[in-house]
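Engineer: below is the sequence, then the predicted model.
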Amino acid sequence: MGVFDRMAVGDHEQLVFVQDRASGLRGIIGIHSTVLGPALGGLRMWPYKTEDEAINDVLRLSEGMTYKAAASGLNLGGGKAVIIGDPRTDKTPEVFRAMGRAIERLGGSYITAEDVGTCPDDMSFIRETTQHVTGLSRAEGGSGDPSPTTAAGVQESIVACLEAVNGAPAKGDEVLDGVRVAVQGVGHVGGVLCRNLAAKGARLTVCDINAEQAERVSKQCGATVVAPEAIYDVEADVFAPCGLGAILNDETIPRLKCRVVAGAANNQLADIKRHGPMLEQRRILYAPDYVANAGGLINIYYRDILGRACDTEAWSPTGIYDTMKTVLRVASERKVPTYQAAQELAGVRIEEARRSKMAQR
Ligand code: NAD
């Protein structure tokens with residue numbers, strides 16, 4: 001399929017190829033939608049084997065950002081950028097400055113941030129050549145590490161889902177007392193989530209492909225450690241995927257022994273149309289990942305875009321709790337899978353904004 005046809009599938013607005021011979025930069029900026037606002041999304045650096053792979057990734061990820069922002073009620077569109085290269089060997093300040101110049105030429109329709117393979121230091125080089133960058137360190141006046149706010153939003157999602165499956169009146173955080181949670185991946189987000197859940201009386205089982213990391217979190221939270229492959233078989237109330245995506249698939253879903261799946265990882269369903277319904281059939285309530293893990297984006301929006309104080313201490317993730325409740329209510333009333341309810345809610349917001357923009361023309 002040609003590039004234009006691939007853009008038409010998800011209705012992407014713009015795909016920008018960036019080449020800078022002096023620094024060796026080869027990158028792509030994908031703008032899926034600017035209907036709700038500037039397209040914000042991270043800059044990923046990855047050793048893509050082919051250009052096709054890089055194009056697919058930027059198209060898929062930028063579309064996901066549109067839905068994440070829309071479902072969270074933010075006035076942001078969806079975008080993403082990729083640099084083709086190995087972050088361990090190919091990073092130079094010049095590569096990021098060149099990417100910054102390309103972002104600047106877009107005049108603010110795309111705003112970048114850190115992502116897999118990039119970090120706040122890289123954003124500092126980008127800032128030398130463009131003002132359209134977020135995710136700088138606190139020391140540089142940015143919103144800093146988004147993980148604590150992401151973890152807080154995941155916790156609110158777990159509470160909302162548990163209240164729904166218990167069928168009892170809302171009880172807030174009390175619902176976490178004694179609840180069994182299996183956490184896959186205890187890095188930046190998973191580690192904070194475990195510490196917070198343990199403080200509320202949850203009983204944790206954790207795993208990580210980095211065994212030392214799993215042991216460290218286990219000591220901090222009194223969690224039981226299992227081998228990474230064994231996490232799917234753990235009997236728990238909640239399974240919280242906080243590692244990588246596509247872990248809910250044909251092989252793993254039949255093994256799950258939980259009532260709720262709610263975690264931070266992006267794109268948890270390997271195939272949304274197939275594995276969403278599969279979870280439904282197993283009567284497992286799925287918290288759509290982009291609603292549950294939007295805390296980091298919300299933090300960037302309030303702190304970096306609107307310039308409002310949004311410290312984790314002061315920031316209340318109840319917005320995510322409310323959004324998740326709405327998604328679950330709509331799914332239950334309309335008898336549709338939760339991921340579909342989330343997509344429809346986001347779609348309605350985008351369509352309303354599109355109509356109002358058209359009317360103003
Ligand atoms: P991280 O790299 O700090 O932590 C991920 C951890 O998962 C690592 O310790 C890794 O060893 C482990 N892991 C990976 N695959 C695993 C597997 N199959 N089994 C067990 N452990 C595994 O990343 P993070 O910042 O904590 O993010 C976690 C997930 O949440 C990622 O998918 C990320 O895209 C998503 N996310 C993060 C944020 C954020 O604010 N950091 C925001 C939105 C979404």
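Structural biologist: The structure has been received and is ready for your questions. Numbering: from 1, shown residues only.
Engineer: where along the stretch 201-350 of the chain do the helices fall?
Structural biologist: Remark: helices assigned in the stretch 201-350 of the chain by DSSP state H, counting those that start in this stretch are 211-221, 272-281, 289-292, 295-300, 318-334, 338-360.
Engineer: nearest to residue 152, of those?
Structural biologist: helix 295-300 (5.6 Å; C-beta to C-beta). For every residue, glycine as well, the C-beta is placed using N, CA and C.
Engineer: what is the mean pLDDT for that closest one?
Structural biologist: What helix 295-300 shows for mean pLDDT is 92.
Engineer: contacting residues around it?
Structural biologist: For helix 295-300, the external contacting residues (C-beta atoms under 8 Å, 6 or more residues apart in numbering) are 40, 65, 68-69, 72, 74, 76, 113, 134-135, 143, 146-147, 149-154, 310, 312, 315, 317, 319-320.
Engineer: JSON lines for the helices of the stretch 201-350 of the chain, including mean neighbour count?
Structural biologist: Shown next, in JSON lines, are the helices of the stretch 201-350 of the chain (neighbours: other C-beta atoms under 10 Å):
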{"stretch": "helix 211-221", "mean neighbour count": "16"}
{"stretch": "helix 272-281", "mean neighbour count": "16"}
{"stretch": "helix 289-292", "mean neighbour count": "27"}
{"stretch": "helix 295-300", "mean neighbour count": "26"}
{"stretch": "helix 318-334", "mean neighbour count": "18"}
{"stretch": "helix 338-360", "mean neighbour count": "16"}
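Engineer: quick one, what contacts residue 215?
Structural biologist: residue 225.
Engineer: now list the buried members of the contacts of helix 295-300.
Structural biologist: 40, 65, 68-69, 72, 74, 76, 113, 134-135, 143, 146-147, 149-154, 310, 312, 315, 317, 319-320 (16 or more other C-beta atoms under 10 Å).
Engineer: same list, those residues, but only the ones touching the ligand.
Structural biologist: Here is what survives when the buried ones among the contacts of helix 295-300 are matched to the ligand using C-beta under 6 Å from any ligand atom: 146-147, 150.
Engineer: what does the stretch 201-350 of the chain put close to the ligand?
Structural biologist: So far as C-beta under 6 Å from any ligand atom goes, the stretch 201-350 of the chain lies against the ligand at 207-210, 213, 228, 242-245, 264-266, 293, 296.
Engineer: got a PyMOL select line for the buried ones in those residues?
Structural biologist: Selecting only the buried entries of those in PyMOL, with 16+ other C-beta under 10 Å as the criterion:
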select buried, resi 207+208+213+242+243+264+265+266+293+296
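Engineer: please work out how many residues are found near the residue nearest to residue 134 when sequence neighbours are not counted.
Structural biologist: Excluding the flanking residues, the one nearest residue 134 by C-beta to C-beta, 6 or more residues apart in numbering is residue 304, at 3.9 Å. Using other C-beta atoms under 10 Å, the number of residues around residue 304 comes to 21.
Engineer: so what's whatever residue of the stretch 51-200 of the chain ends up closest to the ligand up against?
Structural biologist: Distances between the stretch 51-200 of the chain and the ligand by C-beta to the nearest ligand atom are smallest at residue 187, namely 1.9 Å. Taking C-beta under 8 Å, 6+ apart, we find residue 187 in contact with 208, 210, 213, 242-243.
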